[in-house]
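Enquirer: Everything below, folded, please.
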Amino acid sequence: MKDALYPLAFDTSPLTRGAQEYLRNENIRLVVDYFQSKGIKSLKRQDREELWYADWIDYQSAHRLYATLLTPKKYSRFCGQFSLVNLTRFLEAFAYFSPAHAYSLHTTFLGLFPILMSSNEKLKKEAIARLEDGALFAFGVSEQAHGSDLFANEFAVRKTPDGWTADGAKFYIGNANAAFIISILAKKVEAASAGNPAKRAPFVLFALRPRESSAFQNVQKIRTLGIRSAFVGGFEVRDHKFSDADVISTGRDAWDAVLGTVNLGKYFLGFGATGICAHALTEAVDHLQKRILYGKSVVEMTHIRTAIAVAFARLCAMKFFAFRALDYLQVSCDDDRRYLLFNAVQKAKVSTEGVKVMGLLSECIGAKGFETDTYFESAIRDSLLIPSLEGSTHINYGLIAQFMENYFSGAGHDLRAPDSLVMQDDDPGEHPYWFEARDRNAKTVSFGDCLQAYEPLRELANVKLFIAQVEGFREFAVAGTSMLNPTSDIGLAIAIGKCFAIVAYGQLVAENCRIANIPLPTVSLIFHGLVEDMSAESLRLSAMFPSDGAQQTQLRNVVQVPRTSASDMAAVSDFLMARYAK
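Expert: Predicted coordinates for the structure are as follows:
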């Protein structure tokens, strides 16, 4: 079980125990079989020519892959179950081979989940039946002029004597070319103009079936830096007529459905980031082990060994956090909503860590990583898209800051750390709360003592330094922000959120290091990176305050220098070189 927490590798010989464990899942085995048969040359050609992967859609449809993963047990005709463990491992393995192909599953989840959260039983059954027949879904929320500002959206619906009429356009919509149902967020325009023009129009979430509506027009592909063989597009809807039967939800329920879907769906992207970086790591290691420069093996060069060991440690931390955050999501309920913070941290930080990992690996692999016939070259592009195009990191850092006061108060002392899903033999299965959650108020979420996570590890020098940083930042959070109103200064809120995200990230990483009994050299190198990050972000935050202010003094105590021994660095480098050898 522990081995499965390390970054994946499906190309080593022999396979790692972690990869063998993943392959016990039939759906993952089918994914691996498909992509290994297809080959990297064919995938790269699709990428260069931006070809839609109709063959993959037919393959997943024939094996009901998406249906098995996304269908709640209650509605499934084919033994499907919405299992977080199965879905997240599948997404990780999927992105290991092709983030572009995986995008079709991510987007199908986004389009389907608002329907599953609704009370429209007839529409739920139709949607699941279509999913089990192989259909894709899409999530029609964003608009070109407004981005993440959903309140400014202009897509409108009007109530008519015969039902509803819809008009508008959407942009950056995945699967827009192939979705059977698109869940579209619109505004009910009459309500805004009746009596009070300043009043916000209520939201309406409705299902549109592109193949059955002549009002669905002008579908265009948006050419993006990465995931080129996927379809990210825009479309227009003109005078589309629909009935109450197609209404998913309205008003606050529609808003809650969108937020609930985004909160969960975008969280899953972090597992894709770990899969992308894991494949890039294996490709880099294979290249380095074959490379001779100046009569010397490249893997014996100190700066290369250091850079790839640091990249590996950061990648391990990404996966440790992601799967520990999954444990908190599994036990979520009205009285335990800690997952709201950890989901936001995943959306903001795990994917940005992936960009750092790719930067470090690029230093190691050199020119080879920019050759267009490698996975690595597309991984550089694809990893950038997750935090920027999909993750809305600035929004999530601002959200993270809202949890800080309660996190450091430790008022939820009765809340225990959840059991680890990765270390269990049995899948706990579905949790009704995921489909019903409504309360996302950060001010009502309780947390226990975050420092308990570090107790078994505190004798390590870098862990001890990080604990000191957490304590120093807590002093700033309690005293330094008492006279501030970060919500009135978005830049300040984001800067505070970046520092606090590292604190929350470190807690869950430490918990999984303890649970899985990770070797101490790896733990030391992981916290080397966290100490560096906390120091850097604290310096950036302190620059936002007057030089003679109390805040700079408090934040100065957060700045520390990592203490990592050469033997620890060598041990991690030797471990990963042996583990990922082909």
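Enquirer: Now do the SS call for residue 418.
Expert: Three-state assignment for residue 418 (DSSP: H, G, I helix; E, B strand; the rest coil): coil.
Enquirer: For it, give me the pLDDT.
Expert: Looking at residue 418, its pLDDT reads 93.
Enquirer: ok, it to residue 507 distance?
Expert: 13 Å (CB to CB, to the nearest Å). Quick note: C-beta positions are derived from backbone N, CA and C, even for glycine.
Enquirer: Repeat that for residue 30.
Expert: On the measure of CB to CB, residue 30 and residue 507 end up 36 Å apart.
Enquirer: now residue 383
Expert: Counting by CB to CB, the gap from residue 383 to residue 507 is 25 Å.
Enquirer: between these two, who's got more neighbours?
Expert: Taking neighbours as other CB atoms under 10 Å, residue 383 and residue 507 compare with residue 383 leading, 27 against 24.
Enquirer: Can you tell me the element that one falls in?
Expert: Using DSSP states H and E, residue 383 maps to helix 375-385.
Enquirer: Show me the shaky parts of the stretch 1-150 of the chain.
Expert: 1 (pLDDT under 70).
Enquirer: Where do the strands of it begin and end?
Expert: Taking DSSP state E, counting those that start in this stretch as the criterion, the stretch 1-150 of the chain carries its strands at 136-140.
Enquirer: Specify the local secondary structure of residue 181.
Expert: Under three-state DSSP, the three-state class of residue 181 is strand.
Enquirer: What residues does it make contact with?
Expert: Residues near residue 181 by CB atoms under 8 Å, 6 or more residues apart in numbering: 111-112, 115, 127, 130, 135, 137-138, 207-209.
Enquirer: ChimeraX command for the buried members of those?
Expert: Entered in ChimeraX, the line below selects the buried ones among the contacts of residue 181, by 16 or more other CB atoms under 10 Å:
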select :111,112,115,127,130,135,137,138,207,208,209
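Enquirer: Outline the domain layout of the chain.
Expert: 2-136, 138-260, 266-407+445-579 (automatic domain parsing).
Enquirer: Name the single longest helix found in this structure.
Expert: helix 302-330 (DSSP state H).
Enquirer: Show the secondary-structure elements that that one is packed against.
Expert: helix 84-97, helix 269-290, helix 339-345, helix 351-365, helix 490-515, helix 520-542, helix 566-579 (3 or more CB pairs under 8 Å, 6 or more residues apart in numbering; DSSP states H and E).
Enquirer: change it to 6 Å
Expert: helix 269-290, helix 339-345, helix 351-365, helix 490-515, helix 520-542, helix 566-579 (3 or more CB pairs under 6 Å, 6 or more residues apart in numbering; DSSP states H and E).
Enquirer: pretty sure residue 138 is touching residue 173, no?
Expert: Yes - using CB atoms under 6 Å, residue 138 makes contact with residue 173 at a distance of 5.5 Å.
Enquirer: for residue 380, what are its contacts?
Expert: Neighbour list for residue 380: residue 358 [criterion: CB atoms under 6 Å, 6 or more residues apart in numbering].
Enquirer: Tell me how far it lies from residue 347.
Expert: In terms of CB to CB, residue 380 sits 21 Å off from residue 347.
Enquirer: again with residue 291
Expert: 36 Å.
Enquirer: who's more crowded, those two?
Expert: Under the criterion of other CB under 10 Å, the comparison of residue 291 against residue 347 puts residue 347 first, with 29 against 17.
Enquirer: What values do phi and psi take at the more buried one?
Expert: phi -60, psi -30 (degrees, to the nearest 10).
Enquirer: Send me stretch 421-439 as PDB with only the CA atoms.
Expert: Extracted C-alpha coordinates of stretch 421-439, given in PDB (Å, rounded to 0.1, in the frame of the first residue of the first chain):
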ATOM      1  CA  LEU A 421      -7.800   5.400   2.200                       C
ATOM      2  CA  VAL A 422      -4.500   4.400   0.500                       C
ATOM      3  CA  MET A 423      -3.500   2.200   3.400                       C
ATOM      4  CA  GLN A 424      -6.800   0.400   3.500                       C
ATOM      5  CA  ASP A 425      -7.700  -2.800   1.600                       C
ATOM      6  CA  ASP A 426     -11.400  -2.000   1.300                       C
ATOM      7  CA  ASP A 427     -12.900   0.900  -0.600                       C
ATOM      8  CA  PRO A 428     -15.400   2.800   1.600                       C
ATOM      9  CA  GLY A 429     -17.400   3.600  -1.400                       C
ATOM     10  CA  GLU A 430     -19.800   6.500  -2.000                       C
ATOM     11  CA  HIS A 431     -20.600   9.200   0.500                       C
ATOM     12  CA  PRO A 432     -24.100  11.000   0.100                       C
ATOM     13  CA  TYR A 433     -22.600  14.200   1.500                       C
ATOM     14  CA  TRP A 434     -20.700  14.900  -1.700                       C
ATOM     15  CA  PHE A 435     -24.000  15.300  -3.600                       C
ATOM     16  CA  GLU A 436     -25.700  17.300  -0.900                       C
ATOM     17  CA  ALA A 437     -23.100  19.700   0.500                       C
ATOM     18  CA  ARG A 438     -24.200  23.300   0.600                       C
ATOM     19  CA  ASP A 439     -22.500  25.100   3.500                       C
END
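Enquirer: So what touches that stretch?
Expert: Stretch 421-439 is contacted by residues 1, 5, 73, 82-83, 85, 116-117, 256, 260, 323, 326-327, 330, 332-333 when judged by CB under 6 Å, 6+ apart.
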